[in-house]
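K.L.:
fold the stuff below for me.
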Amino acid sequence: MKLAIINGSTRPGNVTANQVKWILKAAQKADGVESTVINLADFPMPFMDEPISPKYNPDRKPSAAVQKWMDAVAGYDAYFWVTPEYNHSVPAVLKNAIDYLTFELVRKPSAIASHGSVNGARAIMALKEILAELSTPVIGTIGVAGFPPVLNADGELSAEALANPYGPQSQLEGLLTELSWYADALKNAA
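P.N.:
Predicted coordinates:
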């Protein structure tokens, strides 16, 4: 499975990068997973300004900046969206970037990781609805609290979190297994 791990925060020094590193390390250890990190900060785009929604415009001609983002996302089998929670939702920059996508995500599974108050649960809920509209099934989610001490800047969990057999590490590994299964199943069904 070719997996894109997308950092949905563009803030300098964002702690979302801690989660991205943690997910990347787990993905690199998983069998058959080829993972790449895509940092949304590397794709500055204007607010959605196309006259017709991408969903209804297969002949659109996006700007060079938007095309660069679309091309970066298109070549994967699955996606792991990593987002902070801002005001009980996802950052505007992530929503805007997703609004430019459509056909790139169809029938490719996604997973979501977040952090924030209540482990980013409200951002996860909002992102699940957004992604569902783009026909990318959300296979699972994971929220992590405590940056640090639970997860440090190197993407490493605390010894206590690692020792918990039902903790975030086993949840992440299980989620990567499910994501891989769905990516293979959906690719073979096409």
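K.L.:
and the residue positioned nearest the centre of the chain, helix, strand or coil?
P.N.:
For the chain, the residue nearest the mean C-alpha position is Trp81 (0.8 Å; C-alpha atoms, centre = their mean). Put simply, Trp81 is strand when judged by DSSP: H, G, I helix; E, B strand; the rest coil.
K.L.:
can you give me the strands for this protein?
P.N.:
2-7, 34-39, 78-84, 110-115, 138-144 (DSSP state E).
K.L.:
remind me, longest helix of this structure?
P.N.:
helix 168-189 (DSSP state H).
K.L.:
for it, buried residues please.
P.N.:
Neighbour-count burial for helix 168-189, counted by 16 or more other C-beta atoms under 10 Å, picks out Pro168, Gln169, Gln171, Leu172, Leu175, Leu176, Leu179, Ser180, Tyr182, Ala183, Leu186. Glycine gets a C-beta too; all of them are placed from N, C-alpha and C.
K.L.:
Ile98: which of those residues is nearest?
P.N.:
Nearest to Ile98 among the buried residues of helix 168-189, counting by C-beta to C-beta, is Leu179 at 18.1 Å.
K.L.:
hang on, the earlier thing: so what's the residue nearest to the centre of the chain bridging to?
P.N.:
Ile6, Ile112 (DSSP bridges).
K.L.:
could you check the pLDDT of it?
P.N.:
Predicted confidence (pLDDT) for Trp81: 98.
K.L.:
pretty sure it contacts Lys128?
P.N.:
No: applying C-beta atoms under 8 Å, one finds Trp81 not in contact with Lys128, separated by 9.7 Å.
K.L.:
overlap of the contact sets of those two?
P.N.:
Ile112 (C-beta atoms under 8 Å, 6 or more residues apart in numbering).
K.L.:
show me what contacts the residue nearest to the centre of the chain?
P.N.:
Ile6, Gly8, Leu94, Ser110, Ala111, Ile112, Ala113, Leu127, Leu131.
K.L.:
state the distance from the fourth one to Ala153.
P.N.:
The span separating Ser110 from Ala153 equals 26 Å under the rule C-beta to C-beta, to the nearest Å.
K.L.:
between these two, which is the more surrounded one?
P.N.:
It is Ser110, of Ser110 and Ala153, that has more neighbours when counted by other C-beta atoms under 10 Å, with 25 against 12.
K.L.:
and Lys61, backbone torsions?
P.N.:
phi -130, psi 80 (degrees, to the nearest 10).
K.L.:
tell me how many other residues surround it.
P.N.:
Neighbour tally, Lys61, other C-beta under 10 Å: 8.
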